[in-house]
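>>> here are the coordinates; sequence isn't available:
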């Protein structure tokens, strides 16, 4: 099930109050309110009385679908992503959904939890319906993180190590694949002519990849110029814009580029080819993620493979374990990345 701003499914009241309002009034977690409504035997009499009083005062009417699913032992996990558009997210979700089904859980997906136009993002995530939450944090977002902690749900974080007791995390080893890619480019291109073109500067993955790029160049005695590392967004348009501006400023002939993802790499390749450059003879390019773009373009794109489906599966496994044992120590799982050499970067 996909939660979106239009036609969203949640544990909202049919009236004006939500399960979040009840939890706030009763000074308990949303999960506790859900238990009072669906499994009252699991809650102390004092706490249950406080919750029922809040329900009565606020006029809260539970969502019939949420109650029915909970009473049937719905076993629902929530996963929050910045977006669900594009192969990166669809492949990650494919792995997560497959693992959830294998373990007997349903997966509820939110694609707009980072949207500041939502009423409150915890409501939009249907926290009263889910048993645990997987949250992808690609950049610092203290507001969303506070809301997540306030919900008091079993939680696993993707893409960031939050170092929070009882919160598991799944990250990728950006240094491994980035290091392989930089060494590969340096084998045929001078360090001073190598460039990193990343996504947003504050993005966790971009920051780690940029740091490793700089480290590898400096290890060879290269003084890295500011223009050798640039930041934008994860899009074809940004790749084209960077390449077009670079072509005007000083050219790209006999240069090499490590792009923050395959879409950026594609934009750079298109701009270079439009300008008459031949890839890889004149310009060597490596992308990141190993999405289908890399094998559809010509020349085929070298890229750093990120195990997207494995990430989704790992997140669900950790979350199911956390739901079953909320007191276990926090776990961080780091998945490897690997350079895949194709035509676009061969010497």
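It's in. All values reported here derive from a predicted model rather than from experimental measurement.
>>> Which parts of the stretch 101-250 of the chain are helices?
121-124, 142-151, 174-186, 204-219, 236-249 (DSSP state H, counting those that start in this stretch).
>>> mind checking how far the spatially most central residue of the chain is from residue 262?
For the chain, the residue whose C-alpha lies nearest the mean C-alpha position (C-alpha atoms, centre = their mean) is residue 136; its distance is 3.9 Å. Between residue 136 and residue 262 the distance is 19 Å, computed by C-beta to C-beta, to the nearest Å. Using the backbone N, CA and C atoms, a C-beta is placed for each residue, glycine as well.
>>> What residues of the longest strand anywhere in the chain count as buried?
Here the longest strand in the chain is taken by residue count, with DSSP state E as the criterion, and it is strand 283-289. Applying a neighbour-count criterion of 16 or more other C-beta atoms under 10 Å, one finds 283-289 buried in strand 283-289.
>>> Which one of the residues you listed is nearest to residue 23?
Set against residue 23, the nearest of the buried residues of strand 283-289 by C-beta to C-beta is residue 289 (38.1 Å).
>>> For that closest one, give me its contacts.
88, 261-262, 303-306, 308 (C-beta atoms under 8 Å, 6 or more residues apart in numbering).
>>> What is the lowest-pLDDT residue among the residues you listed?
Among those, residue 88 carries the weakest pLDDT, at 91.
>>> Okay, now the unreliable bits of the protein?
For the chain, residues meeting the criterion pLDDT under 70 lie at 1-16, 62-74, 112-128, 151.
>>> hmm, 50 instead?
Under the criterion pLDDT under 50, the flagged ranges of the chain are 1-15, 65, 69, 71-72, 113-114, 116-122.
>>> Show me the strands in it, by range?
For the chain, strands defined by DSSP E occupy the ranges 2-3, 76-80, 106-110, 132-136, 155-158, 168-172, 194-198, 229-231, 255-259, 283-289, 302-305, 332-335, 338-340.
>>> Looking at these, which is nearest to residue 220?
Closest approach to residue 220 among these is made by strand 194-198 (10.3 Å; C-beta to C-beta).
>>> now the strands of the chain as TSV including distance to residue 219?
As requested, those are arranged in TSV below (distance: least, C-beta to C-beta, whole Å):
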stretch	distance to residue 219
strand 2-3	45
strand 76-80	38
strand 106-110	41
strand 132-136	32
strand 155-158	30
strand 168-172	22
strand 194-198	13
strand 229-231	15
strand 255-259	15
strand 283-289	18
strand 302-305	19
strand 332-335	22
strand 338-340	17
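>>> Identify whichever of the helices of the stretch 101-250 of the chain lies nearest to residue 40.
For the helices of the stretch 101-250 of the chain, proximity to residue 40 was assessed by C-beta to C-beta; helix 142-151 is nearest, at 19.9 Å.
>>> Against which helices or strands is that closest one packed?
On a contact count with 3 or more C-beta pairs under 8 Å, 6 or more residues apart in numbering; DSSP states H and E, helix 142-151 meets helix 121-124, strand 132-136.
>>> tell me which residues in that helix are buried?
The neighbour-count criterion (16+ other C-beta under 10 Å) identifies 144-145, 147-148, 151 as the buried residues of helix 142-151.
>>> Contacts only, for the nearest residue to residue 303 once chain neighbours are set aside.
Excluding its sequence neighbours, the residue lying closest to residue 303 (C-beta to C-beta, 6 or more residues apart in numbering) is residue 287, at 4.0 Å. When contacts are counted by C-beta under 8 Å, 6+ apart, residue 287 is found next to 259, 261-266, 293-294, 301-304.
>>> For those, which entry has the maximal number of neighbours?
Neighbours were tallied for each of the contacts of residue 287 (criterion: other C-beta atoms under 10 Å), and the maximum of 32 neighbours falls on residue 259.
>>> From residue 268, how far out is it?
Distance of residue 259 to residue 268, computed by C-beta to C-beta: 6 Å.
>>> Find the residues that touch each one of the two.
Between them, residue 259 and residue 268 share the neighbouring residues 197, 239, 285, with contact defined by C-beta under 8 Å, 6+ apart.
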